[in-house]
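Colleague: give me a 3D structure for the following:
(2 chains, ligands or ions: 2)
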Amino acid sequence: MSAHVIESKPLVVEHKEEQENYLTAGYTLKSWFLTLDHKRIAILYLLSVTTMFFVGGIFASLMRLELMTPQSDLFEPDNFNKLFTMHGIVMVFFFIIPAVPGVLGNFLLPLMIGAKDVAFPRLNLLSWYVYIVGAAFTMFTIVSGGVDTGWTFYTPYSTSSSQTHVVPVVLGLFITGFSSILTGLNFMVTIHRMRAPGLSWFRLPLMVWSIYATSIIQILGTPVIAVTLMMAALEKVLRIGIFDPNLGGDPVLFQHLFWFYSHPAVYIMIVPGMGVINEVVTCFSRRSIFGYRAIAFANVGFVVFSFVVWGHHMIVAGQSVYSALIFSILSYLVGIFSAIKVFNWTATMYKGSISFDTPMLYVFGFQGLFLIGGLTGLFLAALGFDVHVHDTYFVVAHFHYVMVGGLVMAFLAGIHFWWPKMFGKKYPESIAKFAMILVFAGFNLTFFPQFILGYLGMPRRYASYPDEFQVLNVMSTAGGSVLGLGFLLIAAYMVWSLVFGKKAGMNPWKATGLEWEHTTSPPPTENFYETPIVNEDPYNYANRDFTKDFNKEVKLGA
Amino acid sequence: MSDDHSKHHIVQPTTYATILGALLLFTVLTYYVAFIDLGVLSNFVAMGIAVTKGSLVVLFFMHIFYSTRLLWVVVAGSFGWLGLMLVLTLGDYITRHWDIQHRIFF
Ligand code: HEM
Ligand SMILES: [Cu+2]
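Modeller: Ligands and ions are numbered 1, 2, ... in the order given. Modelled structure (predicted):
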């Protein structure tokens, strides 16, 4: 068993409230927009990704409204095409990919490893500005006419036929990609070089392993999509002949290159969310994580295997049957790493002393929904089954179960878990639980019918459909309304809590970890009053005395 | 972790000259080999020479030969990863018409 951390003399902090923290360090606009503090940059990301989430949500609501009836009555088919394209682009590139790394990663990484900031604070701020420039570019072209290719920009439609603003949007995404690459680079260097004394690799919280794995994927994958999208733009403008068969190109090559990034990108989305789950599930089970090393190495597994399964998106796209076979087998292998994690979290809860606070409810939501999402992914990776359901609502349901049921649940778990640390305030617990139930119920009502619709053969990306599909579509739209209300409620009480919330204290959940046990809520600009020294494994709940008041002490390193 | 920032290796100009000479030599070699009909092998020979040249550039001009092991892993990993992309993409193209066409390389 590892040594007690409590051997050092606890420092009783009495007037911490009056002490300056990163939020009170400056009130001017300049102190926010030119800040180099990773915690303030995290707040900037929180505001921007939340805005994008609601913009994407408006597009989604409009789509669901259109799909209430079998005819295309609310929108012309052309406009419907633009709606789902904009929904996809905004949600994928401007919400889901930057959400957890940008907000929670930025806020927590230095705190979790006992550092004052990330390795390159200026680069960190630059990443946010690059994101904003890319977003502004994309939003502007969307407003001035839009795009209708789908978020996947498949050739030859995007390069030869589409009359919409493909080139400017693609440029916007090209720019945004650099934000992702630079953040990944920054985090990797930070993890390598800035860990507190005693914090060896296997003492890192698993969230840090997740961020590390995500960063590698971002660095290796993003340049490929950037270049691929540029090639599509150049093809459209200069007619070079990379993807256009009339000019000697091959449209399937675009799909290869696009999915070479975009499948790993789904792990850029989910892996940091899985990192959050590790931290929350241990805290509310009062147990050390089950199978630390297995989970840590599963992250490495994701990095390697996520790059060799992309062909499962192209099973019916004209790729060779031999390739399809190989990609199908490899896709089954990547499921192993998800399974390792899900089983280990379940084992962590087993015989734990579980409490049902809001973050933990989101973990339960994640476990169940990600399970359905992941398993239907395996259905889709089976060649015979995919031939039937490719490009139907079955696929739409699959990826919403992993992305909303998985990542958004994990993101909300993390936001609720660390909210007291970020702002020093508590949110109203019973309203939060109620909102969680709204989100969970609304989500299932929205997307479960889509599995059935897809299985029955309703294709995705159409504004109209045969009459017999109406009942399930109305269910889905009804669920969407509940889901939307849930999200609005969360936004409302979170903002409310900033002003009226009770003071949280430094460690309201009695959690382990440097960010909880070694600094105040909110933390000071330099994060710690003294550099922490780590002499135990993470999640050492067995060694904590829960009868003590965790909010009165700052334990300084030995 | 090793911190080798303090002991930067200083590369002698003669090393650079030697590598440059080798690169030029290989270029000439590429030119002459192109005129010899090696059948299926000619692709492999040409690519072999190109890879050797590339490795020399990475190792010496980019200083990887003198760098930490971590950097070796990064370089090897990056090329391995590029290899994944090429192998799995070309794997599709090469096997598309295997049932009707029996040549493996074009
Ligand atoms: C066990 C792991 C998974 C497997 C085996 C898997 C498999 C698949 C397959 C075969 C498809 C293509 C279906 C088709 O178009 O016919 C697909 C689509 C998709 N998956 Fe997954 N998936 C997995 C996990 C995930 C995760 C974790 C995410 C995101 C967080 C995700 C996001 C997506 C998206 C966005 C699409 C649709 C892309 C599009 O065509 O617009 N998947 N998945
Ligand atoms: Cu995929």
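
Colleague: where along chain B do the helices fall?
Modeller: Assigned by DSSP state H, the helices in chain B fall at B:13-33, B:41-56, B:69-95.

Colleague: chain neighbours aside, what residue packs nearest to the closest residue to ligand 1 within chain B?
Modeller: Nearest to ligand 1, among the residues of chain B, is B:L88, at 15.3 Å (Cβ to the nearest ligand atom). No exception for glycine: its C-beta is placed from N, CA and C like everyone else's. With Cβ to Cβ, 6 or more residues apart in numbering or on different chains as the criterion, B:L88 has its nearest non-adjacent residue at 6.3 Å, and that residue is A:V308.

Colleague: what residues are up against the one you found?
Modeller: A:V308 sits next to A:327, A:330, B:84, B:88 when contact means Cβ atoms under 8 Å, 6 or more residues apart in numbering or on different chains.

Colleague: farthest pair within those residues?
Modeller: A:F327 and B:L84 (12.1 Å; Cβ to Cβ).

Colleague: mind checking which of these two has more residues around it?
Modeller: Higher neighbour count among A:F327 and B:L84: A:F327, with 26 against 15, using other Cβ atoms under 10 Å in any protein chain shown.

Colleague: what pLDDT does that one get?
Modeller: Note on A:F327: pLDDT of 96.

Colleague: pLDDT score for the residue lying closest to it once chain neighbours are set aside?
Modeller: In space, and not counting its chain neighbours, A:F327 is closest to A:G311: 3.1 Å by Cβ to Cβ, 6+ apart. With respect to pLDDT, A:G311 has a value of 96.

Colleague: spell out which parts of chain B neighbour chain A.
Modeller: Within chain B, the positions adjacent to chain A are B:1, B:78, B:81, B:84-85, B:88-89, B:91-98 by Cβ under 8 Å from any Cβ of the partner chain.

Colleague: got a winner among these for most neighbours?
Modeller: The residue in the residues of chain B next to chain A with the most neighbours, by other Cβ under 10 Å, is B:D92 (24 neighbours).

Colleague: close enough to count as contact, it and A:S323?
Modeller: Yes - counting by Cβ atoms under 8 Å, B:D92 sits close enough to A:S323 to count as a contact (4.1 Å).

Colleague: overlap in contacts of these two?
Modeller: Jointly contacting B:D92 and A:S323 under the rule Cβ under 8 Å, 6+ apart are A:G311.

Colleague: straight-line length of stretch A:232-245, end to end?
Modeller: End-to-end distance for stretch A:232-245: 13 Å, by Cα to Cα, to the nearest Å.

Colleague: quick one: mean pLDDT for that stretch?
Modeller: 92.

Colleague: past the helix or strand hosting A:T214, which element shows up next along the chain?
Modeller: Secondary structure assignment for A:T214, by DSSP states H and E: helix A:206-238. Downstream of helix A:206-238, the first helix or strand assigned by DSSP H and E is helix A:251-285.

Colleague: go through that next one and flag the buried ones.
Modeller: Judged by neighbour count (16 or more other Cβ atoms under 10 Å in any protein chain shown), helix A:251-285 contains these buried residues: A:251-285.

Colleague: kindly identify which of the residues you listed also come near chain B.
Modeller: A:252-253, A:256-257, A:260.

Colleague: kindly report the domain assignment for chain B.
Modeller: If you go by automatic domain parsing, the domain ranges for chain B are B:11-65, B:67-97.

Colleague: what is the rounded mean pLDDT of the shortest one?
Modeller: In this model, domain B:67-97 has an average pLDDT of 91.

Colleague: same question, stretch A:35-42
Modeller: Average pLDDT, stretch A:35-42: 97.

Colleague: do stretch A:508-528 as well
Modeller: In this model, stretch A:508-528 has a mean pLDDT of 94.

Colleague: show the end-to-end separation of it, please.
Modeller: One end of stretch A:508-528 to the other measures 18 Å (Cα to Cα).

Colleague: report the buried residues of that stretch.
Modeller: For stretch A:508-528, by 16+ other Cβ under 10 Å, it's A:508-525, A:527-528.

Colleague: any idea how far A:I315 is from A:A511?
Modeller: According to Cβ to Cβ, to the nearest Å, A:I315 stands 44 Å off from A:A511.

Colleague: meant to ask about A:W310, not that
Modeller: Distance, A:W310 to A:A511, by Cβ to Cβ: 38 Å.

Colleague: check A:G172 too.
Modeller: From A:G172 across to A:A511, the span is 39 Å (Cβ to Cβ).

Colleague: before we move on, the earlier item: which ones are touching the residue of chain B closest to ligand 1?
Modeller: B:L88 is in contact with A:308, A:310-311, A:323, A:326-327, counting by Cβ under 8 Å, 6+ apart.

Colleague: closest to chain B among the residues you listed?
Modeller: Nearest to chain B out of the contacts of B:L88 is A:S323 (Cβ to the nearest Cβ; 4.1 Å).

Colleague: that closest one and A:L257, how far apart?
Modeller: Using Cβ to Cβ, we find A:S323 at a distance of 15 Å from A:L257.

Colleague: report the distance from the helix or strand containing A:I326 to the chain centre.
Modeller: For A:I326, the host element (DSSP H and E) is helix A:321-349. Here helix A:321-349 is found 19 Å from its chain centre; the criterion is Cα atoms, centre = their mean, to the nearest Å.

Colleague: just to be sure, A:A115 is in a strand?
Modeller: No - assignment of A:A115 by DSSP: H, G, I helix; E, B strand; the rest coil gives coil, placing it outside any strand.

Colleague: which parts of the helix or strand containing A:A492 are buried?
Modeller: Following DSSP H and E, one finds A:A492 within helix A:470-500. For helix A:470-500, burial by neighbour count (16+ other Cβ under 10 Å) applies to A:472-473, A:475-480, A:482-484, A:486-487, A:489-490, A:493-494, A:497.

Colleague: for stretch A:358-377, same thing?
Modeller: A:358-367, A:369-374, A:376-377.

Colleague: that stretch and ligand 1, are they touching?
Modeller: Yes - using Cβ under 6 Å from any ligand atom, stretch A:358-377 reaches ligand 1 at A:374, A:377.

Colleague: so for that stretch, mean pLDDT?
Modeller: 97.

Colleague: kindly report the same for stretch A:439-452.
Modeller: Per-residue pLDDT over stretch A:439-452 has a mean of 98.

Colleague: how about stretch A:142-161?
Modeller: For stretch A:142-161, mean pLDDT is 91.

Colleague: next, the distance between the ends of that stretch.
Modeller: In stretch A:142-161, first residue to last residue: 18 Å (Cα to Cα).

Colleague: for stretch A:533-542, buried residues please.
Modeller: Buried residues in stretch A:533-542, counted by 16+ other Cβ under 10 Å: A:533-541.

Colleague: need the max-distance pair from those residues.
Modeller: The largest separation in those, counting by Cβ to Cβ, is between A:I533 and A:Y541 at 19.9 Å.

Colleague: quick one: the strands in chain A, in order.
Modeller: For chain A, the strands defined by DSSP state E cover A:11-12, A:553-554.

Colleague: list the contacts for whichever residue of the stretch 101-250 of chain A sits closest to chain B?
Modeller: Residue of the stretch 101-250 of chain A nearest chain B, by Cβ to the nearest Cβ: A:L220 (5.6 Å). A:L220 is in contact with A:264, A:307, B:78, B:81, counting by Cβ under 8 Å, 6+ apart.

Colleague: what comes up buried for stretch B:66-76?
Modeller: Buried residues in stretch B:66-76, counting neighbours by 16+ other Cβ under 10 Å, are found at B:V75.

Colleague: what's the end-to-end length of stretch A:235-247?
Modeller: Counting by Cα to Cα, you get 10 Å between the two ends of stretch A:235-247.

Colleague: any residues touching it, and which ones?
Modeller: Contacts to stretch A:235-247, defined as Cβ under 8 Å, 6+ apart, come from residues A:155-156, A:158-160, A:166-167, A:231-232, A:234, A:248-251, A:253-254.
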